[in-house]
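In: using only what follows, build the 3D model:
(2 chains)
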Amino acid sequence: MAQIVVIDYGMGNLRSVAKAIEHVAPDQSVVISSDINTIASAERVVFPGQGAARDCMRELEARKLTQAVLVAAKEKPFLGICMGMHILLNHSEENNGIDCLGLYEGDVRFFGKNLKNDQGEKLKIPHMGWNNVKQVIEHPLWHDIGDDSRFYFVHSYYMNPQDTELIAATSDYAIEFVSAIAKDKVFAVQFHPEKSAQDGLQLLRNFTQWDGC
Amino acid sequence: MSLAKRIIPCLDVKNGRVVKGVKFVDIRDAGDPVEVARRYDREGADEITFLDITASSDDRDTIMHVVEKVAEEVFIPLTVGGGIREVKDVRRMLNAGADKVGINTAAVFNPEFVKEASDRVGSQCIVVAIDAKKVSEDTEQDRWEIFTHGGRKSTGIDAVEWAIKMVDYGAGEILLTSMDRDGTKKGFDLDLTSTISDAVSVPVIASGGVGNLEHLADGIIKGKADAVLAASIFHFAEYSVEEAKQYMASKGIEVRL
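Out: Numbers count the residues shown, from 1 in each chain, chains lettered A, B, ... in the order given. The predicted structure follows:
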């Protein structure tokens, strides 16, 4: 039986995610799969994603995976990454508006053009590179990761959940935005732990050991 | 605390080996790319860029295997450039474990390729590499054009207009190399860098000419670059990435330490 399944819906660099998890959990099996039964029998599920919200939703639907993703998010430790975090909400502003999975109330918004910091310097979009992640709750996935550690980001949209109790971390880029959420068995991050060196690997290691409580 | 400016060591790879050389002349073997990438990762590199300078396209598979191996043990963003001509090439590199691909000459000869590639894989994976050279006289207003063939052939395309166009076409980042400065160790062309950085909405990586740590800091502060790329100062172990970051931090630049 597959222990950790990385959901494959044709979006993004799944190999990097799988390799990073294998690196921190060599005794667990990591499988990249779009098979509903494999996802259903997994012990843990990773839901990555890259590219546009429209394409992600279209590919999920084409593979008839939307239900499987929602069920997995209820039943087992579930890690959403980047676009895999965004589409958990109802709606995204991307591509002139896209309805998403609707696991949580809220929407995904564009950072905006002509972004400036406090000093009036222009900020580039995408928000690309290493930014600080401020932990706002205690959570097993933050184990052994210092507050304000830097993780690697690359995105132009950010999530805006209605329920502020979901927020597990925030980061700053002209505005303070939500960089991680947590609820029940779900933990989802805006940044890429698989590309965030030691702290990213630690987060993945924590996930492979988390029982979802 | 906010987004850090990035330091990106660049590895020239030929037939699966890292090579060192100035302006592609006097090329010497400098080791196994996996070993070198691992060292840069340990020193705190924010990303690593591989530039495949293998002459023959038959040998392109070699760089793919290099990327695969590096991606298995180095968990920071990886960019691969050189010889990327079709969407198929882009996909192969991303599947091998690259996070971004650099498109250079192919963009000049076929700009639509950038559009097609970014539509398929997302702008965040597409870095357009621009090789620019100053063409204006000292008495004129600064003007730079795009050059191909290692800076030998002018295309007559204005560099600033080109950068804007490439972002319109879906470039998620610009890797900007001054062909006047490349290999000279005289520092970045700061006017070129800041002009392009001001003109586009996406991050700009400054490249070409780094000879010391001050040059790196200048690229960020005066050149307004979002990231700085250097090859030789790190290869020849003149400075470590860590030293470069410490220096930049001492100049008030936000870096990941």
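In: shouldn't A:Asn95 be within a strand?
Out: No. Per DSSP: H, G, I helix; E, B strand; the rest coil, A:Asn95 lies outside any strand segment and is helix.
In: A:Ala53 is in contact with that one, correct?
Out: Yes. Assessed by Cβ atoms under 8 Å, A:Asn95 is found in contact with A:Ala53 at 6.0 Å. From N, CA and C alone the C-beta is placed, and that goes for glycine too.
In: what count of nearby residues applies to whatever residue of chain A ends up closest to chain B?
Out: Nearest to chain B in chain A, going by Cβ to the nearest Cβ, is A:Gly51, at a distance of 4.0 Å. Look at A:Gly51: counted by other Cβ atoms under 10 Å in any protein chain shown, it has 21 neighbours.
In: leaving out chain neighbours, which residue sits closest to it?
Out: B:Gly122 (4.0 Å; Cβ to Cβ, 6 or more residues apart in numbering or on different chains).
In: gap between the one you found and B:Arg38?
Out: B:Gly122 sits 28 Å away from B:Arg38, taking Cβ to Cβ, to the nearest Å as the criterion.
In: who's more crowded, the two?
Out: B:Gly122 (21 against 15).
In: from A:His86, how far out is that one?
Out: Taking Cβ to Cβ, one finds B:Gly122 at 13 Å from A:His86.
In: pLDDT wise, what is the residue nearest to A:Ser33 when sequence neighbours are not counted at?
Out: What sits nearest to A:Ser33 in space, not counting adjacent residues and going by Cβ to Cβ, 6+ apart, is A:Val5, at 5.3 Å. A:Val5 is assigned 97 on the pLDDT scale.
In: look up how far B:Ala106 lies from A:Val5.
Out: A:Val5 is 36 Å from B:Ala106, by Cβ to Cβ.
In: how about A:Glu165, secondary structure?
Out: When classified by three-state DSSP, A:Glu165 comes out as helix.
In: what bridges to the most centrally placed residue in chain A?
Out: Of all residues in chain A, the one closest to the mean position by Cα atoms, centre = their mean is A:Ile81, 2.1 Å from it. Beta bridges link A:Ile81 to A:Val189, judged by DSSP bridges.
In: that one contacts A:Ser196, doesn't it?
Out: No. The criterion here is Cβ under 8 Å, and A:Ile81 misses it with A:Ser196 at 10.7 Å.
In: quick one, phi psi at B:Gly252?
Out: phi 80, psi 10 (degrees, to the nearest 10).
In: that one: neighbour count?
Out: Neighbours around B:Gly252, by other Cβ under 10 Å: 9.
In: look up how far B:Ile220 lies from it.
Out: Computed as Cβ to Cβ, the B:Gly252 to B:Ile220 distance reads 10 Å.
In: kindly report the same for A:Leu79.
Out: 34 Å.
In: so for those two, which sits in the more crowded spot?
Out: A:Leu79 (28 against 24).
In: spit out the contact partners of that one.
Out: By Cβ atoms under 8 Å, 6 or more residues apart in numbering or on different chains, the residues touching A:Leu79 are A:44-47, A:187-189, A:204, A:207.
In: from those residues, which is closest to B:Ile233?
Out: Nearest to B:Ile233 among those, counting by Cβ to Cβ, is A:Leu204 at 32.7 Å.
In: that closest one touches A:Ser196, doesn't it?
Out: No. Shown here, A:Leu204 and A:Ser196 do not form a contact pair, counting by Cβ under 8 Å, at 9.2 Å.
In: give the residues shared as contacts by the two.
Out: Common neighbours of A:Leu204 and A:Ser196 (criterion: Cβ under 8 Å, 6+ apart): none identified.
In: biggest helix in the chain, by residue count?
Out: Answering for chain A, as no chain was given. Counting by DSSP state H, the longest helix found in chain A is helix A:197-209.
In: my bad, chain B
Out: Ranked by residue count, the top helix of chain B under DSSP H comes out as helix B:60-73.
In: other SSEs contacting it?
Out: Judged by 3 or more Cβ pairs under 8 Å, 6 or more residues apart in numbering or on different chains; DSSP states H and E, helix B:60-73 is in contact with helix A:14-24, helix B:33-43, strand B:48-52, strand B:78-81, helix B:87-96.
In: please name the residues that touch A:Gly102.
Out: Contacts of A:Gly102 (Cβ under 8 Å, 6+ apart): A:89-90.
In: got it, and B:Glu47?
Out: Contacts for B:Glu47 (Cβ under 8 Å, 6+ apart) come out as B:6, B:8, B:76-79, B:227.
In: quick one, what contacts the residue lying closest to it once chain neighbours are set aside?
Out: In space, B:Glu47 comes closest to B:Pro77 once its chain neighbours are excluded; the distance is 4.3 Å by Cβ to Cβ, 6+ apart. B:Pro77 makes contact with A:152, A:154, A:192, A:195, B:46-48, B:99-100 under the criterion Cβ under 8 Å, 6+ apart.
In: can you list contacts of stretch A:61-73?
Out: Applying Cβ under 8 Å, 6+ apart, the external contacts of stretch A:61-73 come out as A:7, A:9-10, A:34, A:36, A:39-40, A:42, A:45, A:47, A:60, A:78, A:88, A:101, A:103, A:185-186.
In: show me where pLDDT drops low in the stretch 51-200 of chain B?
Out: Low-confidence segments of the stretch 51-200 of chain B, defined by pLDDT under 70: B:55-59.
In: nearest to chain A: which residue in it?
Out: For the stretch 51-200 of chain B, Cβ to the nearest Cβ, closest residue to chain A: B:Gly122, 4.0 Å.
In: I'd like the distance between A:Asp184 and A:Leu103.
Out: Distance from A:Asp184 to A:Leu103, counting by Cβ to Cβ: 10 Å.
In: how about A:Arg15, nearest residue that isn't a chain neighbour?
Out: A:Arg15's closest residue in space is B:Gly97 (Cβ to Cβ, 6+ apart), at 5.7 Å.
In: again, but for A:Cys100
Out: A:Ile87 (4.2 Å).
In: over to B:Ser240?
Out: Per Cβ to Cβ, 6+ apart, closest to B:Ser240 is B:Glu43, 4.9 Å.
In: near chain A at all, stretch B:169-177?
Out: Yes. Using Cβ under 8 Å from any Cβ of the partner chain, stretch B:169-177 comes into contact with chain A via B:172-173.
In: which stretches in chain A count as helices?
Out: A:14-24, A:36-41, A:53-62, A:66-75, A:83-86, A:197-209.
In: using PDB, list the CA coordinates for the second one.
Out: Read it as helix A:36-41. In PDB, the C-alpha atoms belonging to helix A:36-41 read as follows (Å, rounded to 0.1, in the frame of the first residue of the first chain):
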ATOM      1  CA  ILE A  36      -8.700   7.500  -7.300                       C
ATOM      2  CA  ASN A  37      -8.200   4.200  -5.400                       C
ATOM      3  CA  THR A  38      -4.500   4.900  -4.800                       C
ATOM      4  CA  ILE A  39      -5.400   8.300  -3.400                       C
ATOM      5  CA  ALA A  40      -8.200   6.800  -1.300                       C
ATOM      6  CA  SER A  41      -5.900   4.100   0.200                       C
END
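In: who are the packing partners of it?
Out: On a contact count with 3+ Cβ pairs under 8 Å, 6+ apart, helix A:36-41 meets strand A:4-7, helix A:66-75.
In: need the residues of the stretch 151-257 of chain B near chain A, please.
Out: B:172-173, B:198, B:201-204, B:226-227, B:256.
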